[in-house]
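Visitor: sequence and predicted structure below; questions after.
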Amino acid sequence: MQQLCSNKFVSPTTGATISSAQFGILLALLFLPQSTLWSRALFAFATAVLGTWIFVWFIQRIRFKDVVMVPLVGIMFGNVIGGITNYLAYQYEMTQALSTWLVGHFSLVLRGRYEIVYLVVPLVALAFLFANHFNIVGLGKDFSRNLGLPYNTVLFMGLTIAAMITASIVVVVGSISYIGLIVPNVVAMFKGDKIRGTLVDTALFGALFVLVCDMIGRVVIAPYELPIELIVGILGSLIFIGLLIYRLNHGRKAVRLGSAGSSGCSASLSALEGRDRS
Amino acid sequence: MQVTELTKRYDGKTVVDCVSFSIPKGKVISLIGPNGAGKSTVMGMISRLIAHDSGLVDFEGKDIGKWKSRELSKRLAILTQTNNIQMKLTVRELVTFGRFPYSGSRVTPEDQKIIDRAIAYMELEEFQDQFIDELSGGQRQRALIAMVIAQDTEYVLLDEPTNNLDIYHATNMMKIVRRLCDELGKTVILVLHEINYAAFYSDYICAFKDGKIAKFGTVKEVMTKENLSQIYQVDFELLDIQGKPLSIYY
Ligand SMILES: Nc1ncnc2c1ncn2[C@@H]1O[C@H](COP(=O)(O)OP(=O)(O)OP(=O)(O)O)[C@@H](O)[C@H]1O
Ligand SMILES: [Mg+2]
């Protein structure tokens, strides 16, 4: 989503995808009280895709000057949808049932309740196949057209894939906010933005991050369990603030492990001295 | 390429007004003219990036809008005036995208050779594994030009390619344009503000003013004191250097 929207701050959380998926789940609970996981997932897919499309269509029409405006609008849009969801849930006394999907947690992941997650596999494979297409779309409309790529088709196809991946997670564990924002940003700082080259790293790092957060959540108040949403939220926002501060101090330079930045300076200094002496 | 009565309006204001010309094949054509004269808009319209309001752009016997996008991108490449790339890609990854119309995501050894050549043309070997957002403005511009060269099209459209380049690299850029034309037989259309580069390195000059063509002809025909002072409203003096009319303005 970051690549497709050419904006580092767009993610399922800041792009209204998660709240749209939750809205879909509520609709399923309202209209099909006997609904199975699969029919709920269908509703969530439909609303998540639609919500994301509307958001991106909107930001494309408005063309904000400031990149930070885009996620702010996304958060607002997401909150409006969340507000409607909450209102309807109150009206029909569904708040209890809905809370499962509002705060992400793993305590309801049981056999027969999680299999939808496997849908992620073909979707990610598809994303990998079209990774270069998404990269080019992220470089802009003129850029893609020059290379003969149908900009809008690829953009909305990519968003559909991202929205469906997100929705299949939300249906199973609820929302895990900001992970879609933090993990790709951290990986990109080290490895760049070429999707083909970073998809596996992003997936592994994301999984590791969730695993660590989950373990913390299970240990802190054992034998009880803290929802994953809470831990990811706290750790994630700390990491993100760290990232922002690092960016401010070091510019946009890529982080290179064991970088020779400081020695480079002294080397050129000594070279200068050498020339002086000679 | 044949352009007839091309017109573009923005909010009722006509920015390109009934422009007709034809591009001679296998030549270097420079578009010059003051800011806002409509050069970039014309470039956009003849490369299907900008939709025109009326008129016709005929590319190789077919209306430009009727071309399949993928096919057209193997025949015509354009570098626009502003390229605000936020993405963290290496120079080589960017140049590799130039091969996308041919090979999609599967880059062949043949493609690698073309990519290497494009990088060598723009003297980017030492930067090829650096991220473009860590380069200087001129180095980034050269990386983008290398990508367009890697696209290996008959028609190459460059909007102010010498933007941000120092004298060495700007001159080098113009020499490469000449080589693309002379050695590889490409048709190159450039927008230039340095009229002496236009005079020295191109075959034809097309001067724009207020959305119209003020003058289109060979370098000798366009580069006269009267023409230039009329287009730019500045006093000109012309010198003959190596048989080319070069100008001094003050
Ligand atoms: N998207 C747009 N919306 C409204 N007006 C536009 C748009 N693009 C260009 N214009 C107007 O069209 C006119 C021509 O613009 P164009 O970019 O073609 O000029 P140019 O000759 O390339 O100038 P420069 O040398 O400054 O690049 C200008 O007056 C500009 O204000
Ligand atoms: Mg221009």
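Guide: Now that the structure is in, tell me what you want to look at. Ligands and ions are numbered 1, 2, ... in the order given.

Visitor: let's verify the most centrally placed residue in chain B: helix, strand, or coil?
Guide: In chain B, the centroid-proximal residue (CA atoms, centre = their mean) is B:Leu158; its distance is 1.8 Å. Three-state assignment for B:Leu158 (DSSP: H, G, I helix; E, B strand; the rest coil): strand.

Visitor: residue in the stretch 1-150 of chain A nearest to ligand 2?
Guide: A:Asp142 (13.0 Å; CB to the ion). From N, CA and C alone the C-beta is placed, and that goes for glycine too.

Visitor: that residue against B:Leu49, yeah?
Guide: Yes. A:Asp142 lies in contact with B:Leu49 (CB atoms under 8 Å); the separation is 5.1 Å.

Visitor: so what sits against both of those two?
Guide: Residues touching both A:Asp142 and B:Leu49 by CB atoms under 8 Å, 6 or more residues apart in numbering or on different chains: B:78, B:80.

Visitor: tell me the predicted confidence for whichever residue of the stretch 1-150 of chain A sits closest to chain B.
Guide: Proximity of the stretch 1-150 of chain A to chain B (CB to the nearest CB) peaks at A:Gly148, 3.2 Å away. Here the pLDDT value assigned to A:Gly148 is 92.

Visitor: give me every residue that touches it.
Guide: A:Gly148 makes contacts with B:68-74, B:100-101, as judged by CB under 8 Å, 6+ apart.

Visitor: what is the nearest of these to A:Glu225?
Guide: The closest of the contacts of A:Gly148 to A:Glu225 turns out to be B:Phe100 (CB to CB; 48.0 Å).

Visitor: which non-adjacent residue is nearest that closest one?
Guide: Closest residue in space to B:Phe100, ignoring its immediate chain neighbours: A:Leu147 at 4.8 Å, by CB to CB, 6 or more residues apart in numbering or on different chains.

Visitor: for B:Leu76, see how far away that neighbour is.
Guide: Separation of A:Leu147 from B:Leu76 (CB to CB, to the nearest Å): 11 Å.

Visitor: please apply the same query to B:Lys215.
Guide: Taken as CB to CB, the span from B:Lys215 to B:Leu76 is 25 Å.

Visitor: ok, these two, which is more surrounded?
Guide: Set side by side, B:Lys215 and B:Leu76 show more neighbours around B:Leu76, with 25 against 20, by other CB atoms under 10 Å in any protein chain shown.

Visitor: quick one: distance of the helix or strand hosting A:Gly217 to the chain centre.
Guide: Assigned by DSSP states H and E, A:Gly217 belongs to helix A:195-220. Offset of helix A:195-220 from its chain centre (CA atoms, centre = their mean, to the nearest Å): 13 Å.

Visitor: for it, name the packing helices and strands.
Guide: Under the contact criterion of 3 or more CB pairs under 8 Å, 6 or more residues apart in numbering or on different chains; DSSP states H and E, helix A:195-220 touches helix A:120-129, helix A:131-138, helix A:179-191, helix A:228-250.

Visitor: which one of the ones you listed lies nearest to ligand 1?
Guide: Comparing those by their distance to ligand 1 (CB to the nearest ligand atom), the top pick is helix A:131-138, with 20.5 Å.

Visitor: do you know the pLDDT at the closest residue to ligand 2 within chain B?
Guide: Closest residue of chain B to ligand 2, CB to the ion: B:Ser40 (3.1 Å). Listed pLDDT for B:Ser40 reads 94.

Visitor: ok, it touching B:Val191?
Guide: Yes. Judged on CB under 8 Å, B:Ser40 makes contact with B:Val191 at a distance of 6.5 Å.

Visitor: any shared contact partners between these two?
Guide: In contact with both B:Ser40 and B:Val191: B:81, B:159, using CB under 8 Å, 6+ apart.

Visitor: got any ranges where chain A has weak pLDDT?
Guide: Residue ranges of chain A with pLDDT under 70: A:251-278.

Visitor: contacting residues for the most centrally placed residue in it?
Guide: Nearest to the geometric centre of chain A sits A:Gly180, at 2.1 Å (CA atoms, centre = their mean). Residues in contact with A:Gly180 (CB under 8 Å, 6+ apart) are A:1, A:11-13, A:166.

Visitor: out of the residues you listed, what pair is the most spread apart?
Guide: A:Met1 and A:Thr13 (10.0 Å).

Visitor: the more surrounded of the two?
Guide: A:Met1 (27 against 23).

Visitor: so the helix holding A:Gly217 versus helix A:179-191, what angle?
Guide: With axes from the mean of the first three to the mean of the last three CA atoms, to 10 degrees defining the directions, helix A:195-220 sits at 120 degrees from helix A:179-191.

Visitor: could you measure B:Glu154 against ligand 1, distance?
Guide: 24 Å (CB to the nearest ligand atom, to the nearest Å).

Visitor: what about the nearest residue to that residue once chain neighbours are set aside, neighbour count?
Guide: Excluding its sequence neighbours, the residue lying closest to B:Glu154 (CB to CB, 6+ apart) is B:Arg75, at 5.4 Å. For B:Arg75, the neighbour count with other CB under 10 Å is 15.

Visitor: got it, and B:Met147?
Guide: Counted by other CB under 10 Å, the residues lying close to B:Met147 total 29.

Visitor: domain map for chain A?
Guide: Domain segmentation of chain A under automatic domain parsing yields A:1-175, A:177-278.

Visitor: right, so those: which one is the most enclosed?
Guide: Most buried of the domains of chain A by mean neighbour count (mean count of other CB atoms under 10 Å in any protein chain shown) is domain A:1-175; its value is a mean of 19.

Visitor: touching ligand 1 at all, that domain?
Guide: No. Among the residues of domain A:1-175, none lie within reach of ligand 1 under CB under 6 Å from any ligand atom; the closest is 10.5 Å away.

Visitor: okay, now that domain: how far is its last residue from its first?
Guide: Using CA to CA, to the nearest Å, the span of domain A:1-175 from its first residue to its last is 17 Å.

Visitor: quick check: the gap between A:Lys65 and B:Asn84.
Guide: The gap separating A:Lys65 from B:Asn84 is 12 Å, by CB to CB.

Visitor: typo on my end, B:His52
Guide: As judged by CB to CB, B:His52 and B:Asn84 stand 24 Å apart.

Visitor: more crowded one of the two?
Guide: Neighbours were counted for B:His52 and for B:Asn84 using other CB under 10 Å; B:His52 has more, 23 against 7.

Visitor: surely that one and B:Met45 touch.
Guide: Yes. Between B:His52 and B:Met45 there is a contact at 4.6 Å, judged by CB under 8 Å.

Visitor: nice, that's everything, thank you.
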